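Peer 1: this one's structure only:
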């Protein structure tokens, strides 16, 4: 049988253009051996694992550095990623999504791959005992921010009150108080953040009081305190009525501002009476009234603002 030169050349070119088998370069780690292999990518693992086991067995026999005997008695072996479940033996490496350079663990089929201690060593070192030795917590950050915000408001309003700003400073302080009050209401109603709403509502008190002082011309006296206290009472009443949070805080601020307004009003009409005496008497009277509002026909401010129904109180004339 003869073959022409053309047929021989075509067969040789076909052999040269035939696609090479796709290989995946892996690192296989067993109990005492680590080998780098090029494994077929699209062949099921059932056909690939025996060759890997034979390669590791031959490598263990020629290993002069590790004298520990490696056990190859089990007939069923599996490959797995570090910390993952074993790979299915009926699928290929390509179907498992294995790529070049990956590390696979070779072990018996009835043993799960060991889970890694840490995915990120540096993160683990930073997070070790973080809750035990952590002094800066979210609550600490919130509290510090709240204190700094109110302190900054006090410093700013004190600068306006001590400086000769006049009506310009009063307008700025009143605008700041209005914006803080609106922010407190929006924070409580829209974002449901009661603690931030309380802080914003308390921060609106110093600008309101400063605006009342600056709106009245002349040196600071009873009329200045009267207008400032009225503005503070208005701001706290809005927060108490619309925020729905911080009832005790805003009620206390409202009571103090009303007491100060009463003392300043009496001092304005009776200039001969010392302001200190009027302040002490009015504050005591206001606290007594606020503490005993249930004894009067009017409802307490907190129940009015929350629109709670009042329970009926039995009269002493009726039988209990």
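Peer 2: Perfect, I can see it now. Keep in mind that what you see is a predicted model, and the values were worked out from it rather than measured.
Peer 1: show me where the chain has helices.
Peer 2: 5-17, 45-61, 93-96, 121-127, 130-133, 138-162, 166-189, 194-203, 205-215, 222-242, 247-269, 275-291, 301-306 (DSSP state H).
Peer 1: what's next to the third one, contact-wise?
Peer 2: Applying C-beta atoms under 8 Å, 6 or more residues apart in numbering, the contact partners of helix 93-96 are 22, 24, 26, 39, 40, 41, 42, 45, 48, 87, 88. C-beta here means a position set from N, CA and C on the backbone, and glycine is covered the same way.
Peer 1: which parts of that helix are buried?
Peer 2: residue 93 (16 or more other C-beta atoms under 10 Å).
Peer 1: ok, back up a step: which of the contacts of helix 93-96 are buried?
Peer 2: Judged by 16+ other C-beta under 10 Å, buried ones among those: 24, 26, 39, 40, 41, 45, 48, 87.
Peer 1: average pLDDT for stretch 196-203?
Peer 2: Taken as a whole, stretch 196-203 has a mean pLDDT of 94.
Peer 1: re earlier: just name the most buried of the helices of the chain.
Peer 2: Each of these was scored by mean neighbour count; the highest is helix 205-215, a mean of 26, by mean count of other C-beta atoms under 10 Å.
Peer 1: also compute the angle for that helix relative to helix 222-242, please.
Peer 2: Inter-element angle recorded for helix 205-215 and helix 222-242: 150 degrees (by axes from the mean of the first three to the mean of the last three C-alpha atoms, to 10 degrees).
Peer 1: which helices and strands sit right next to helix 205-215?
Peer 2: Packing partners of helix 205-215 (3 or more C-beta pairs under 8 Å, 6 or more residues apart in numbering; DSSP states H and E): helix 138-162, helix 166-189, helix 222-242.
Peer 1: packing partners for the shortest one?
Peer 2: Applying 3+ C-beta pairs under 8 Å, 6+ apart, we find helix 222-242 packed against helix 166-189, helix 194-203, helix 205-215, helix 247-269, helix 301-306.
Peer 1: dump the contacts of helix 93-96 to TSV, plus pLDDT.
Peer 2: Compiled in TSV, these are given as follows (pLDDT from 0 to 100):
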residue	pLDDT
22	83
24	88
26	90
39	89
40	89
41	88
42	88
45	88
48	89
87	87
88	87
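Peer 1: and of those, the nearest to residue 193?
Peer 2: residue 87 (48.8 Å; C-beta to C-beta).
Peer 1: got the contact list for that closest one?
Peer 2: By C-beta under 8 Å, 6+ apart, the neighbours of residue 87 are 45, 78, 79, 80, 81, 96, 98, 104.
Peer 1: and those, which are buried?
Peer 2: 45, 78, 79, 80, 81, 98, 104.
Peer 1: check what pLDDT the second one gets.
Peer 2: Translated: residue 78. Reported pLDDT for residue 78: 85.
Peer 1: next, count neighbours for the closest residue to it other than its chain neighbours.
Peer 2: Residue nearest to residue 78 in three dimensions, not counting chain neighbours: residue 86, with 3.8 Å by C-beta to C-beta, 6 or more residues apart in numbering. Using other C-beta atoms under 10 Å, residue 86 has 19 neighbouring residues.
Peer 1: any chance of a markdown table for the helices and strands packed on helix 205-215, columns mean pLDDT and distance to residue 205?
Peer 2: Shown next, in a markdown table, are those (pLDDT from 0 to 100; distance: least, C-beta to C-beta, whole Å):
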| stretch | mean pLDDT | distance to residue 205 |
| --- | --- | --- |
| helix 138-162 | 91 | 8 |
| helix 166-189 | 94 | 8 |
| helix 222-242 | 91 | 5 |
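Peer 1: can you list these in JSON lines and add distance to residue 268?
Peer 2: Below are the helices and strands packed on helix 205-215 laid out as JSON lines (distance: least, C-beta to C-beta, whole Å):
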{"stretch": "helix 138-162", "distance to residue 268": "19"}
{"stretch": "helix 166-189", "distance to residue 268": "19"}
{"stretch": "helix 222-242", "distance to residue 268": "5"}
